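J.: Generate coordinates for the sequence data below:
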Amino acid sequence: MSRVALEVVDLKAAIGGVEILKGLDIEVPFGTVHALMGPNGSGKSTLCHVLTGKSGYEVSGTATIDGEPILDRDVDERARAGLLQAFQYPVEVPGLELQVFIDEAVQASGASPEESRERIAAATKRFGMDRFLGRALNDELSGGEKKRSEIFQVAVLQPKVAILDEIDSGLDIDAVKEVAEAVATMRGEDVGVLLITHYSRILGYVEPDRVHIMIDGRIVESGGPELADVLEEGGYRAVRTRLGIEPPQAEAAEKQAADFFTETPFDT
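T.: Sure, this is the predicted structure:
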């Protein structure tokens with residue numbers, strides 16, 4: 001049986017009395033890439049926040065990294081347990097060189113200075129990052145360069161679970177392909193990857209082992225890579241209809257042009 005990198009069971013989360021995650025279950029084994037797809041407002045960002053330890057949520061259920069519970073741990077303890085998130089909007093830090101940042105981050109995870117240098121050198125070669133190491137972290141980089149830098153950092157830090165939060169967001173097709181190639185390069189037997197996305201474009205370059213559809217705070221359907229093709233054909237509205245899932249009351253009351261953007265995951 002494959003070891004499980006990330007296991008989430010009956011995860012519920014609310015903020016301000018409003019329930020967002022409503023009993024979510026997902027399992028990502030080591031050596032696999034799982035894609036999580038869902039419309040705006042389905043709870044994908046909340047899942048990232050809850051797993052990485054953002055405060056303000058009322059949380060129940062369980063989440064483990066390689067069998068270790070994490071929900072009762074501080075943010076830094078979750079990171080040391082092997083959890084890492086690549087952000088949809090990487091933060092710019094003028095004045096802090098990428099090489100200095102990543103070297104300190106690797107050593108903070110318990111690696112020796114020698115091991116840190118070896119990891120950085122290996123990943124720099126793999127991802128072609130030589131010209132970025134001496135530049136400020138994410139400062140004056142294009143969207144694609146920022147996302148590539150995020151994947152480089154994931155590869156150097158070697159987490160057990162990598163959550164890639166909409167790393168294709170806001171990128172043109174060439175940048176999506178470049179970032180997807182970086183993701184494909186970093187996948188391996190010692191990491192489980194949860195790739196969160198609205199669109200199928202990146203899945204054309206990084207074939208996931210499993211695709212999950214998230215609607216209204218739950219995983220409503222899981223399947224192979226072909227499930228992304230089903231979404232492309234009919235969108236999330238067709239999934240709701242097929243599974244008999246009623247839209248939220250507010251959404252049902254409107255049913256206007258805005259539905260197109262929240263229920264249609266692909267370019268037209």
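J.: what about the strands in this structure?
T.: 4-15, 18-29, 33-37, 58-65, 68-69, 83-86, 93-97, 136-137, 161-165, 192-197, 210-215, 218-223 (DSSP state E).
J.: so can I have a markdown table of those strands showing distance to residue 242?
T.: Any C-beta I mention is one placed from the backbone N, CA and C, and that applies to glycine too. A markdown table is the format used below for these (distance: least, C-beta to C-beta, whole Å):
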| stretch | distance to residue 242 |
| --- | --- |
| strand 4-15 | 24 |
| strand 18-29 | 20 |
| strand 33-37 | 15 |
| strand 58-65 | 27 |
| strand 68-69 | 35 |
| strand 83-86 | 31 |
| strand 93-97 | 45 |
| strand 136-137 | 44 |
| strand 161-165 | 27 |
| strand 192-197 | 21 |
| strand 210-215 | 11 |
| strand 218-223 | 9 |
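J.: Quick one: closest of those to residue 240.
T.: strand 210-215 (6.7 Å; C-beta to C-beta).
J.: contacts for that closest one?
T.: Outside strand 210-215, the residues within contact range by C-beta atoms under 8 Å, 6 or more residues apart in numbering are 24, 26, 28, 32, 34-39, 42-44, 47, 203, 219-225, 227-228, 231, 236, 239-240, 245.
J.: Centre of the chain to stretch 53-64, how far?
T.: Taking C-alpha atoms, centre = their mean, to the nearest Å, one finds stretch 53-64 lying 17 Å from the centre of the chain it belongs to.
J.: Ok, stretch 222-230 next?
T.: Worked out by C-alpha atoms, centre = their mean, stretch 222-230 lies 18 Å from the chain centre.
J.: ditto for stretch 4-14
T.: 14 Å.
J.: Same question for that stretch: list its buried residues.
T.: Buried residues in stretch 4-14, counted by 16 or more other C-beta atoms under 10 Å: 4, 5, 6, 7, 8, 11, 12, 13, 14.
J.: Residue 163: which of those is nearest?
T.: Distances from residue 163 to those, taken by C-beta to C-beta, are shortest for residue 6, at 8.3 Å.
J.: With pLDDT and distance to residue 176 added, can I get the buried residues of stretch 4-14 in TSV?
T.: What follows is these, written out as TSV (pLDDT from 0 to 100; distance: C-beta to C-beta, whole Å):
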residue	pLDDT	distance to residue 176
4	96	29
5	97	25
6	98	24
7	98	29
8	98	27
11	98	29
12	97	33
13	97	30
14	96	34
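J.: Export these as TSV, with columns for distance to residue 138.
T.: Formatted as TSV, these follow (distance: C-beta to C-beta, whole Å):
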residue	distance to residue 138
4	32
5	27
6	26
7	31
8	29
11	30
12	34
13	28
14	32
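J.: Just the closest of those to residue 109, please.
T.: residue 5 (16.6 Å).
J.: residues in contact with the closest one?
T.: With C-beta under 8 Å, 6+ apart, residue 5 has these contacts: 28, 29, 30, 32, 65, 66, 82, 160, 161, 191, 192.
J.: Among the residues you listed, which one is most surrounded by other residues?
T.: Ranked by the number of neighbours (other C-beta atoms under 10 Å), the contacts of residue 5 place residue 192 first, at 29 neighbours.
J.: Excluding chain neighbours, what is closest to that residue?
T.: residue 5 (2.8 Å; C-beta to C-beta, 6 or more residues apart in numbering).
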